[in-house]
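**Student:** Sequence below, structure please.
(4 chains, ligands or ions: 4)
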Amino acid sequence: MHIPEGLIPAQQAAAWYVPAVSFVGVGLVGLKRRLVVKPELRPLIGLMGAFVFLISLIPLPVPGLGTVSHPCGTPMAAILLGPFTATVLGSVALFLQSLFFAHGGITSWGANVIAMAVGGSFSAYGVFRVSRRAGLGIGVAAGMAGLIGDLVTYGITSFQLALALHGDEAVLNVWGAAFASFLPTQVPLAIAEALFTAGVVVFIANQRAELLEGAVVRP
Amino acid sequence: MIRVEDLCFTYPGGTVALDGVSLEVPEGSFLAIMGANGSGKSTLLKHLNGLLATQAGSVHIADIEVNGKSFDEVNRIVGFVFQDPNDQIFAPTVREDIGYGPRNLGLDEVEIARRVEKAAGQVAITELLDRPIHHLSYGQKKRLSIAGVLAMEPRVLVLDEPTASLDPMGERRLMRLLHELNRGGMTVVMATHDVDLVPLYARQVCLLRAGRLAVSGGLREVFGDQELIERCHLRLPRISYLFEMFPELSELPLTVGMARRKLEELLERGDTGPVSPVELCEN
Amino acid sequence: MIRVEDLCFTYPGGTVALDGVSLEVPEGSFLAIMGANGSGKSTLLKHLNGLLATQAGSVHIADIEVNGKSFDEVNRIVGFVFQDPNDQIFAPTVREDIGYGPRNLGLDEVEIARRVEKAAGQVAITELLDRPIHHLSYGQKKRLSIAGVLAMEPRVLVLDEPTASLDPMGERRLMRLLHELNRGGMTVVMATHDVDLVPLYARQVCLLRAGRLAVSGGLREVFGDQELIERCHLRLPRISYLFEMFPELSELPLTVGMARRKLEELLERGDTGPVSPVELCEN
Amino acid sequence: MTAISRNSDGYAWGDSFLSRIDPRVKIAGFAGLLLVNLLGGSYLVSGVIAVAMALLMIAGRIPYRRQLLMISFPASFAIFTIISQTVFMGGEVFASLGPFDLHLQGLFNGLFISLRIIAGGLIVVVLGVTTPINRLCQALRWFKAPATFIEITQLTYRYLFDIHGEFSRMRDAQQVRLGWSSARAGLASSRLLGGSLFLRVYDRGLRSSEAMRCRGSGPVVNGALPRPGKLDILAGSGAAIFISALVMLAVGVAA
Ligand SMILES: Nc1ncnc2c1ncn2[C@@H]1O[C@H](COP(=O)(O)OP(=O)(O)OP(=O)(O)O)[C@@H](O)[C@H]1O
Ligand SMILES: Nc1ncnc2c1ncn2[C@@H]1O[C@H](COP(=O)(O)OP(=O)(O)OP(=O)(O)O)[C@@H](O)[C@H]1O
Ligand SMILES: [Mg+2]
Ligand SMILES: [Mg+2]
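**Tutor:** Numbering: from 1, shown residues only, chains lettered A, B, ... in the order given. Ligands and ions are numbered 1, 2, ... in the order given. Coordinates of the predicted model:
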């Protein structure tokens, strides 16, 4: 789930902004170069951005807490386009969602970028690469990437929530509690994300292998 | 068969697309809806099968009120052909796309196959049946989109510019097919910009202008008011303009057949040459 | 201006869409490409600006060979209007979409704004300039897709069925505009199914049949062979059929204007009534 | 039932005094509000902001069902906040629930943060719902946001409607041919829809990128914004006065 506007206190919001802006900045520079060399990448990038937007907007209620949760979509983007580009796409999706659906927020954008865009993309990409190197099939590798990317995102988000709302408890305890309380929703969600990521990647590998250029590290 | 009462529709952006349109289409009619680009034709048609939900006013098809609840029921009666074929076709191959509707009607496989063959034949795409749909030309997609609806054998056929992008022979075939189906009792409603075609086939015409019904009635009523026609961004059939050279005529002919009879009168000649193909369907 | 030599093209699915087409279009021509659905018109046009890469044969525009390397250069010369406007327009609003091409030509903002206004006026969508494109009717999208190309003021204009889905007044305006631009020196190539329109504007016609050039030449040459015309799934202009009632005529008239003169001859009348709008552009 | 009737940004393209205000003024004003909301540190400040935003929405005739829907997401977080604060904050215990002690001060703090969330959510909603994306991007460009970021934002936005459009068109086309009239048909149709959606949108995207290439393949750039007018100056000074008042309120409460 994206952390809404106003939840994180100002100092922490600012602190999350620093790494978020750095990652997005590096991603933007790389992406700009990519678009100069390969302008025909635009539709795929726009499409993935929109998919990340839509996928991370599918609300599923978390029982007992009143909040909603959702898959991320960044793992799939990271597999298809690389982690830095996926980070940019995630950050754009978060920006648009906060404006048009009050889903996430402007001051909490930095925190959300770190969790969903950076965390989701890089962990998924790493898992995908490692699994492919280890000789796993493309579907299995993508599924693992989806699963881990999703769980990492929620690990970071619950840490951010814990940090913002721990009150007088130790942060780590609250983190544990938050993570545990989201688990009943998060595990099925992570599995859904895994299946979805695997499905799309396999589908593309079968139908339009050229879209996967570079992403598929041969085992 | 179709009763539209006081229909209004405003799009989310604030464009008023329909503004109090009322219309009565008896069973077995052949109605042409005409009007400028953006005058609300597609919006009106999309109400006839519940694709757009009424905001004010009501639509009845065969005495069923069209709304979310009656959607499936209405769509068993009404077949709808979209303006852009890319909006309408979605199955992987031509055969599957045509068979989609019949299958959902619960027909058995033999009947489905029969209908697919028949509909494909009607729009002359039989040899394309096993092509994937993204390997079709635009006009071929257009034909496919019509076949998919014909295969459902609806009682009412609503078509949004069915002849745009068809080649002339395809256009003629389609119009004759519609004419025949209409004679067999099917109610046909089509939006079109082809003023030369309308007098050949339609019996009732309704003209939209900026979301309002400018006029509705028989051919003579509608095409009689040349000034209104032009205010609606239409024109008379080309053949009519030819006869403006005879100021003594009280009525301009609208089709080749009419023109011919008129000319024979004018020339006081009795002989009739061979009948040309465009005249055949003229009513 | 355009030289197509022995062009062949086979789609990945195995469909042979072009099979040895050669064509020479001098600067300042107005060429209509006609043919049945699926005869290869769009495929041919997409070669003229390098959208499809030649598989065999060659295409030259203004003596530049069209290929991947010359793509941008060629597209500064050739403006291309797609058959489906939904494929062509992509910017968020109408204004941005029209301005897209001029901006990429490196023009300054003032000039861009001027061109946007002018092109929007030419296709009569000035009052839609600030609409988002997904709030347009199909015909409005069609107009926009044409405006986006006009704003680039290309030397060659290639249009794939530009008049489909335009209302008759829009159609007439567009054709007159093309006629004027053509008079100003622009080379115009359009694929179209409208046989009634072609004789009014085009000076050269080329007929495709199953990927081959069936005939290419002036109006008389092409429309003279009625049997060939019908084998290509076309027909004569409607007005011509009217004159089949005069078997003594050696040549059927193709436009209202021609018909009128012919009729005046036949009736041996000298008086001319008021000139009708469709005749104005007749050449 | 169709895409068109559910276009979520319909309002932004409509005409209201809120959507006419220069987006730069709006962004500056709303950024100020966001900061005050976050730094103000009092019920009063966030409460006043929330009420003011609600009034703006009513004055701007933003469809109220949408308001509720939009604000429901941040509101759901409020519940979570209240629970966690009540449990984890120290201070006076007013009740206990199983292993957890419930603290009064935590409850109050939770309520305060919730109010801040609601106020913040409302600010963002009002900005988002009254500013068409292209004007927003124009303003962002003026504020020197990276060009690539803006371009990706526009591309993403455009494809949102492509996906949404393609999805709803396909679903409409299926419904019209009775693809959703029974559970079985619905299952088959949804499979068809899911399988084809990605490729269809991609194909459409590919075609529109071809079209872009024909016209020069640069990024879609918005023209410059017109100079601010009377309404903008009025709105800008209104916002400035309101924000200063809030700041003073915040300082007063803190003192
Ligand atoms: N993307 C594609 N993949 C495979 N085959 C195609 C593709 N596009 C067109 N074809 C086939 O190539 C042939 C020529 O198509 P083309 O689009 O050039 O026809 P056209 O003359 O433009 O027809 P229309 O009048 O319907 O637009 C047709 O038989 C068509 O089925
Ligand atoms: N999805 C939409 N959102 C907002 N406005 C729309 C939408 N679709 C159409 N409109 C507007 O509603 C009006 C009527 O549109 P409609 O599509 O019914 O016209 P039409 O008569 O079918 O035109 P055409 O001949 O171009 O197909 C137009 O002004 C159009 O701009
Ligand atoms: Mg329409
Ligand atoms: Mg074509």
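**Student:** what helix or strand is B:G79 on?
**Tutor:** Using DSSP states H and E, B:G79 maps to strand B:78-81.
**Student:** Give me the distance from the helix or strand hosting A:A78 to the chain's centre.
**Tutor:** Under the criterion of DSSP H and E, A:A78 resides in helix A:74-81. Distance of helix A:74-81 from its chain centroid, counting by CA atoms, centre = their mean, to the nearest Å, is 9 Å.
**Student:** I'd like the next helix or strand past it.
**Tutor:** Helix A:74-81 is succeeded, C-terminally, by helix A:83-101 (DSSP H and E).
**Student:** average pLDDT for that next one?
**Tutor:** Mean per-residue pLDDT for helix A:83-101: 92.
**Student:** would you put the C-alpha positions of it in PDB?
**Tutor:** Presented in PDB, the C-alpha positions along helix A:83-101 are these (Å, rounded to 0.1, in the frame of the first residue of the first chain):
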ATOM      1  CA  PRO A  83      15.700  -1.700 -12.600                       C
ATOM      2  CA  PHE A  84      16.500   2.000 -13.100                       C
ATOM      3  CA  THR A  85      13.900   2.500 -15.800                       C
ATOM      4  CA  ALA A  86      11.400   0.600 -13.700                       C
ATOM      5  CA  THR A  87      12.200   2.900 -10.800                       C
ATOM      6  CA  VAL A  88      11.400   5.900 -12.900                       C
ATOM      7  CA  LEU A  89       8.200   4.300 -14.100                       C
ATOM      8  CA  GLY A  90       7.300   3.500 -10.500                       C
ATOM      9  CA  SER A  91       7.900   7.000  -9.400                       C
ATOM     10  CA  VAL A  92       5.800   8.400 -12.200                       C
ATOM     11  CA  ALA A  93       3.000   6.000 -11.400                       C
ATOM     12  CA  LEU A  94       3.100   7.000  -7.700                       C
ATOM     13  CA  PHE A  95       3.100  10.700  -8.600                       C
ATOM     14  CA  LEU A  96       0.000  10.300 -10.900                       C
ATOM     15  CA  GLN A  97      -1.800   8.100  -8.400                       C
ATOM     16  CA  SER A  98      -1.400  10.500  -5.600                       C
ATOM     17  CA  LEU A  99      -2.800  13.300  -7.700                       C
ATOM     18  CA  PHE A 100      -5.700  11.500  -9.400                       C
ATOM     19  CA  PHE A 101      -6.700   9.000  -6.700                       C
END
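**Student:** Next one: that helix, is it in contact with chain D?
**Tutor:** Yes. For helix A:83-101, a contact with chain D is found by CB under 8 Å from any CB of the partner chain, at A:88-89, A:91-93, A:95-96, A:98-101. Heads up, the C-betas are built off the backbone N, CA and C, glycines and all.
**Student:** quick one: the helices in chain A?
**Tutor:** A:10-37, A:42-55, A:74-81, A:83-101, A:109-112, A:120-133, A:138-165, A:171-207 (DSSP state H).
**Student:** May I see those arranged in a markdown table, with distance to chain C and mean neighbour count as well?
**Tutor:** Converted to a markdown table, those look like this (distance: least, CB to the nearest CB, whole Å; neighbours: other CB atoms under 10 Å in any protein chain shown):
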| stretch | distance to chain C | mean neighbour count |
| --- | --- | --- |
| helix A:10-37 | 14 | 16 |
| helix A:42-55 | 9 | 25 |
| helix A:74-81 | 20 | 31 |
| helix A:83-101 | 13 | 27 |
| helix A:109-112 | 22 | 28 |
| helix A:120-133 | 26 | 23 |
| helix A:138-165 | 23 | 24 |
| helix A:171-207 | 13 | 18 |
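**Student:** can I get those in TSV with distance to D:D172?
**Tutor:** Formatted as TSV, the helices of chain A follow (distance: least, CB to CB, whole Å):
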stretch	distance to D:D172
helix A:10-37	34
helix A:42-55	18
helix A:74-81	27
helix A:83-101	23
helix A:109-112	34
helix A:120-133	33
helix A:138-165	30
helix A:171-207	24
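**Student:** Distance to ligand 3 for these - can I get that in TSV?
**Tutor:** Shown next, in TSV, are the helices of chain A (distance: least, CB to the ion, whole Å):
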stretch	distance to ligand 3
helix A:10-37	36
helix A:42-55	26
helix A:74-81	36
helix A:83-101	28
helix A:109-112	41
helix A:120-133	42
helix A:138-165	42
helix A:171-207	33
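**Student:** mind checking which of those helices is nearest ligand 2?
**Tutor:** helix A:83-101 (17.0 Å; CB to the nearest ligand atom).
**Student:** low-scoring stretches of chain D, by residue?
**Tutor:** Filtered on pLDDT under 70, chain D yields the residue ranges D:1-15, D:66-67, D:217-223.
**Student:** Where does it get nearest to ligand 1, residue-wise?
**Tutor:** D:D203 (9.4 Å).
**Student:** Same question for chain A.
**Tutor:** Counting by CB to the nearest ligand atom, chain A gets nearest to ligand 1 through A:R208 (14.2 Å).
**Student:** how about the helices of chain A in CSV, adding distance to ligand 2?
**Tutor:** Conversion of those to CSV gives the following (distance: least, CB to the nearest ligand atom, whole Å):
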stretch, distance to ligand 2
helix A:10-37, 30
helix A:42-55, 18
helix A:74-81, 29
helix A:83-101, 17
helix A:109-112, 30
helix A:120-133, 34
helix A:138-165, 35
helix A:171-207, 29
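**Student:** The helix holding A:A78 vs chain D: in contact?
**Tutor:** No. Using CB under 8 Å from any CB, helix A:74-81 stays clear of chain D, coming no nearer than 10.3 Å.
**Student:** Look up how far C:G121 lies from the most centrally placed residue in chain B.
**Tutor:** Among the residues of chain B, the one closest to the centroid is B:M190, at 2.0 Å (CA atoms, centre = their mean). Going from B:M190 to C:G121 by CB to CB, to the nearest Å gives 31 Å.
**Student:** Could you do B:L45 as well?
**Tutor:** 30 Å.
**Student:** neighbours of B:R131, just the number please.
**Tutor:** When neighbours are defined as other CB atoms under 10 Å in any protein chain shown, B:R131 has 18 of them.
**Student:** So it is in contact with C:G14, correct?
**Tutor:** No. Between B:R131 and C:G14 there is no contact under CB atoms under 8 Å: 9.9 Å.
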